[in-house]
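Using only what follows, build the 3D model:
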Amino acid sequence: MSSNSIKLLSGNVHKELAELVAKNLGIRLCKVDVSEESNREMSISIGESVRDEDVYILCQIGSGEVNDRVMELLIMINACKSASARRITAVLPNFPYARQDRKDKSRAPITAKLMANMLQTAGCNHVITMDLHASQIQGFFDVPVDNLYAEPSVVQFIKMNLDYKNCIIVSPDVGGAKRAASLADQLDLNFALIHKERARANEVSRMVLVGDVSEKVCIIVDDMADTCGTLAKAAETLITNGAREVISIVTHGILSGNAIQNINNSRLSYVACTNTVPMGHKLRQSAKLKQLDISPVLAEGIRRLHNGESVSYLFSHVP
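Numbers count the residues shown, from 1 in each chain. Okay, here's the model as predicted:
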């Protein structure tokens, strides 16, 4: 099966990552016409035939107009289904509503499950995503889900940009301990843990450090950074406990609200994020932001899925 029969689609907004993936695959993006009615209803038409084709729809969903991008994705999937596409794969580097994966209080919705239902109802046959906030979201689907990892790219970034022998990996919360331990094992480093107590959602009241970070370069690793309040407080805690320098590497740099201000005013040397979420003008607002390109990983995942090859190679290797 040749890569020429891959059809890669993207919406009109945030096409940067899709263009990089297309370049890595050696193909061009399909023509998609997305227009908005006066009442903000979306009108989408696919500009070329997708009949009996292997279709991949890449949607970068960041902060801001999340619901508009979700609706755009669902309409594009349904348009391809109506146009008799053979297989439709949704490529969602940052899965929307992933933090709402369980009932943590009475009458709370499990919105990640609702997202899974909507994608399948629209006509999605397969999902590719990266660093899911909770792995059990894969079980919400009745279609295959390939959850790729940014970890090999992060390991490569650390080896190329840091004298990592004097570093220590830090998890900013108990939930990320497994991620930090795995990264520490690959780099043969120690890891520390910060236990945080929340007064309310997105607001941390107190942080307790478990581990020795004195005279070390601390690398805080996390799957997503939203308002960055946790990262700023974690950096302050680490410096107070004798750390020489603090940097952070996160997969999904959502950076909503006053995140840029929090980063600029923090004790962090810099925050490196992958381009799963479009950062655009935010990179110009802070000298402390860096970006890792993970388009080769997504492109290789698409190529392997299209050719019927194993995707598990990407769990431990950078293409």
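
quick one: contacts for the nearest residue to residue 166 once chain neighbours are set aside?
Leaving aside its chain neighbours, residue 166 sits nearest to residue 217 (5.8 Å; criterion: Cβ to Cβ, 6 or more residues apart in numbering). C-beta here means a position set from N, CA and C on the backbone, and glycine is covered the same way. Listed by Cβ atoms under 8 Å, 6 or more residues apart in numbering, the contact partners of residue 217 are 162-164, 166-168, 243-247.

The same query, at a cut-off of 7 Å, please.
162, 166-167, 244-245 (Cβ atoms under 7 Å, 6 or more residues apart in numbering).

That one pairs with what?
Beta bridges link residue 217 to residue 167, residue 245 when assigned by DSSP bridges.

any idea how far it is from residue 291?
20 Å (Cβ to Cβ, to the nearest Å).

Alpha carbons of the lengthiest helix in the chain, in PDB - could you do that?
Criterion DSSP state H: the longest helix present in the chain is helix 66-82. Output of helix 66-82 as PDB, limited to C-alpha atoms (Å, rounded to 0.1, in the frame of the first residue of the first chain):
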ATOM      1  CA  VAL A  66     -12.000  24.300  22.000                       C
ATOM      2  CA  ASN A  67     -15.700  23.600  21.400                       C
ATOM      3  CA  ASP A  68     -15.600  25.200  17.900                       C
ATOM      4  CA  ARG A  69     -12.600  22.900  17.000                       C
ATOM      5  CA  VAL A  70     -14.400  19.800  18.300                       C
ATOM      6  CA  MET A  71     -17.500  20.600  16.300                       C
ATOM      7  CA  GLU A  72     -15.300  21.200  13.200                       C
ATOM      8  CA  LEU A  73     -13.600  17.800  13.700                       C
ATOM      9  CA  LEU A  74     -17.000  16.000  14.100                       C
ATOM     10  CA  ILE A  75     -18.400  17.600  10.900                       C
ATOM     11  CA  MET A  76     -15.300  16.700   8.900                       C
ATOM     12  CA  ILE A  77     -15.400  13.100  10.100                       C
ATOM     13  CA  ASN A  78     -19.100  12.900   9.100                       C
ATOM     14  CA  ALA A  79     -18.400  14.600   5.700                       C
ATOM     15  CA  CYS A  80     -15.800  11.900   5.000                       C
ATOM     16  CA  LYS A  81     -18.100   9.100   6.100                       C
ATOM     17  CA  SER A  82     -20.800  10.500   3.800                       C
END
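
now the strands: where do they sit in the stretch 51-200 of the chain?
Here the stretch 51-200 of the chain has its strands, by DSSP state E, counting those that start in this stretch, at 54-58, 87-92, 126-130, 145-148, 167-171, 191-200.

Now the weakest link among these, please, by mean pLDDT.
With a mean of 79, strand 191-200 has the lowest mean pLDDT of the strands of the stretch 51-200 of the chain.

returning to that earlier point: name the residues of the longest helix of the chain that are buried.
For helix 66-82, the neighbour count (16 or more other Cβ atoms under 10 Å) marks 69-81 as buried.

Over to stretch 282-299?
Per 16+ other Cβ under 10 Å, stretch 282-299 contains these buried residues: 282, 285-286, 288-290, 292, 294-299.

got it, and stretch 16-32?
17-18, 20-22, 24-25, 27, 29-30, 32.

of all the contacts of residue 217, which two lie farthest apart?
162 and 244 (12.2 Å; Cβ to Cβ).

Residue ranges of each domain in the protein, please.
3-148+295-315, 151-292 (automatic domain parsing).

Contact partners for residue 25?
Counted by Cβ under 7 Å, 6+ apart, residue 25 has contacts 3, 6, 8, 299, 302-303.

Now the buried members of these.
Neighbour-count burial within the contacts of residue 25 applies to 6, 8, 299, 302-303; the criterion is 16+ other Cβ under 10 Å.
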